[in-house]
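Participant: any chance you could fold what I've pasted below:
(chains A and B)
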Amino acid sequence: MNWNVIREYLPLYIEALGLTVKIGWLGIILSIALGLVCALILYFKVPLLQVIIKIYIELFRNTPLLVQLFFLYFGLPKLGIRITAQTCGILGLTLIGGSYMTETFRSGLSAIDSIQSESALSLGMKKHQVFFYVILPQAISISIPGFMANIIFLLKETSVFSAISLMDLMFTAKDLIGLEYKTIEALFLLVVFYLIMLLPVSLLGTYIERRVRYAAYGD
Amino acid sequence: MKKRFLTKIVSGISAVVLATGALTGCGSSDSSTTTANNADEQVSESVDTTENTDTAEETSANYRTLDEIKESGVINIGVFSDKSPFGYVDENGDYQGYDVYLAERIGEDLGVEINYVSTEAASRIEYLQTGKVDIILANFTVTEERAEEVDFALPYMNVALGVISHDDNVVTSLDDLTEDDEIIVISGTTAETYLEKEYPDIKLQKYDAYAEAKTAFENRNGIAWANDNTEVIAFSIENEGYEVGIPSLGSADTIAPAVTKGNETLLDWLNEELVSLGNENFFHADYEATLLETYGSEYEDTLVIENTELP
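Facilitator: Sure, this is the predicted structure:
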């Protein structure tokens, strides 16, 4: 291990970390939003829309992100739609993430026993009150571990961005190996930087999970 | 409560330690019996390793010697699978091209089967250093930096860099580029190294593989594409609407087979093979079989190198 090489590479990795985190978190925030909307549509069984969303989920959960990125980045320009590599990365993460988040949140909603809404209704609560004060808080707290797992999964999925010329952490490492053949240093930094990006998320996830568990009924 | 919890943890840990101890004990006795069983097979290997330790410091060499390759009956050759007409997979799923033509002949003369390993530009050195392939025949340009990491045999082709662009917006000089113009390159190629070094201000758009760079260039994601001039000339001939604005950039280089650093038996054999092939004008035949269709005969003598004697 040559520490001079590592010092020389550090700025490149920091830049790559910045790009990865920026695209990753934008994608994650948007995918959570998309997931919530889609899950609510499924929960309330909105006609037509729920069919479209079911198709969307199956399509995006059962194809790799790489394939989706190829379609967005190389396919769309053929149809006359031009988006930059960054937009494409964010859009790709949002779409695959949205499908996972929908499923997680939907399972959280359906985990709430129907006896609870029945009891709430019999106590005289309005339908929207039942949903917002009884079902939703519990569903969110049940979904949190799944959300955190999805977030880590999405951040790791950024490693396929090299296919669309985005200099994320993975591509920076590969590119440096191809340019200067300092494999050990480049891979060492790659692992370190992925840990820098993911460990805090993982620890935060554990903390949040512990905090929100109080919301669950009957535990 | 807490105390009981602690004792539980401690007893749990000690149980795990004991169990692993017992298991490793069994493991070591097991392995000694297996070594005894395999002793016959291992004799030849251990002889080789003792020879290696005498000559080199690294005890675990990451390559197979010529004899080991012949004995196994299979040679692993790293080639491109997406770089027509040098190394590509045809519609029947067979490897074809200028590099593959040479690979086929090497396999034939060694008397072994060929296992083609598809490589990307950036991983060619890695594949050799980790012993995943015995020879790289993937349009590998000889450079000083690379020669520190792998051993090159005699060259079999000339190459320089070239820049291709769409014919309605031809780039004829890299000094005319504006700030927003991006040049497409493939990660790990000499074009990337050259532009990084000589034109650090030009924005590069880097791709992993030829196929992706090609599509990105067709989609106009970059203003031009810099690559080996053989490749960009072939592209402009095969596809309508493109022009090679800069046909020769940087220094004239050569392309050669590469083996893992220190694999002298294979390197020596390759050099002798390349000389004997040169003497029968093999690479002209190779050109005519694989490249003529793309380039016509005008490039034959500028591209092909025939080695007639060992240096």
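
Participant: any stretches of the stretch 151-300 of chain B with poor pLDDT?
Facilitator: For the stretch 151-300 of chain B, not a single residue meets the criterion pLDDT under 70.

Participant: who in it is up against chain A?
Facilitator: B:184, B:187-189, B:192-193, B:196, B:205-208, B:212, B:215-216, B:219-221 (CB under 8 Å from any CB of the partner chain). Using the backbone N, CA and C atoms, a C-beta is placed for each residue, glycine as well.

Participant: mind listing the strands for the chain?
Facilitator: The chain I'm using is chain A. Counting by DSSP state E, one finds no strands in chain A.

Participant: switch to chain B, that's the one I care about
Facilitator: With DSSP E as the criterion, chain B has strands spanning B:74-79, B:82-83, B:87-89, B:95-96, B:113-118, B:135-136, B:150-152, B:157-166, B:182-186, B:203-207, B:224-228, B:242-255, B:258-260.

Participant: show me what the fourth one is packed against.
Facilitator: It refers to strand B:95-96. In terms of contacts (3 or more CB pairs under 8 Å, 6 or more residues apart in numbering or on different chains; DSSP states H and E), strand B:95-96 is packed against strand B:87-89.

Participant: the strand it packs on pairs with which strands?
Facilitator: Partner strands for strand B:87-89, per DSSP bridges, with pairing direction: strand B:82-83 (antiparallel), strand B:95-96 (antiparallel).

Participant: would you format the ones you listed as JSON lines with mean neighbour count included?
Facilitator: Shown next, in JSON lines, are the strands paired with strand B:87-89 (neighbours: other CB atoms under 10 Å in any protein chain shown):
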{"stretch": "strand B:82-83", "mean neighbour count": "20"}
{"stretch": "strand B:95-96", "mean neighbour count": "20"}
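
Participant: point to the residue nearest the middle of chain B.
Facilitator: Closest to where the C-alpha atoms of chain B average out (CA atoms, centre = their mean) is residue B:124, at 2.9 Å.

Participant: what is the neighbour count of the closest residue to chain B within chain A?
Facilitator: Relative to chain B, the nearest point of chain A is residue A:178 (2.8 Å; CB to the nearest CB). Using other CB atoms under 10 Å in any protein chain shown, residue A:178 is surrounded by 24 other residues.

Participant: so who does it touch?
Facilitator: With contact taken as CB atoms under 8 Å, 6 or more residues apart in numbering or on different chains, residue A:178 is in contact with B:121, B:122, B:123, B:125, B:187, B:188, B:189, B:192.

Participant: ok, residue B:244 next?
Facilitator: Residue B:244 neighbours (CB under 8 Å, 6+ apart): B:162, B:163, B:164, B:229, B:232, B:233, B:236.

Participant: just these now: which is nearest residue A:95?
Facilitator: Of all those, residue A:95 sits closest to residue B:164, with 33.3 Å by CB to CB.

Participant: right, and residue A:117 touches residue A:136 too?
Facilitator: No - counting by CB atoms under 8 Å, residue A:136 is not a contact partner of residue A:117; they are 11.2 Å apart.

Participant: which bits of chain A sit near chain B?
Facilitator: So chain A meets chain B at A:73-74, A:77-78, A:85, A:162-165, A:167, A:171, A:174-175, A:177-181, A:183 (CB under 8 Å from any CB).

Participant: narrow these to those in helices?
Facilitator: Assigned to helices by DSSP state H, the following of the residues of chain A next to chain B qualify: A:85, A:171, A:174, A:175, A:177, A:178, A:179, A:180, A:183.

Participant: could those residues go into CSV alongside pLDDT and distance to residue B:306?
Facilitator: As requested, these are exported to CSV (pLDDT from 0 to 100; distance: CB to CB, whole Å):
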residue, pLDDT, distance to residue B:306
A:85, 90, 44
A:171, 91, 39
A:174, 89, 36
A:175, 89, 35
A:177, 87, 34
A:178, 83, 30
A:179, 83, 32
A:180, 82, 33
A:183, 87, 35
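
Participant: who wins for most neighbours among those?
Facilitator: residue A:171 (26 neighbours).

Participant: separation between the residue nearest to that one when sequence neighbours are not counted and residue A:210?
Facilitator: If the residues on either side of it in the chain are set aside, residue A:171 comes closest to residue A:162, at 3.5 Å by CB to CB, 6 or more residues apart in numbering or on different chains. Distance of residue A:162 to residue A:210, given as CB to CB, to the nearest Å: 36 Å.

Participant: nearest to chain A within the stretch 1-150 of chain B, name that residue for me.
Facilitator: Counting by CB to the nearest CB, the stretch 1-150 of chain B gets nearest chain A through residue B:122, at 3.1 Å.

Participant: which residues does that residue contact?
Facilitator: By CB under 8 Å, 6+ apart, the contact list for residue B:122 reads A:174, A:175, A:177, A:178, B:187, B:188, B:208.

Participant: determine which two of the residues you listed are furthest apart.
Facilitator: The widest separation within the contacts of residue B:122 (CB to CB) is 12.1 Å, between A:177 and B:208.
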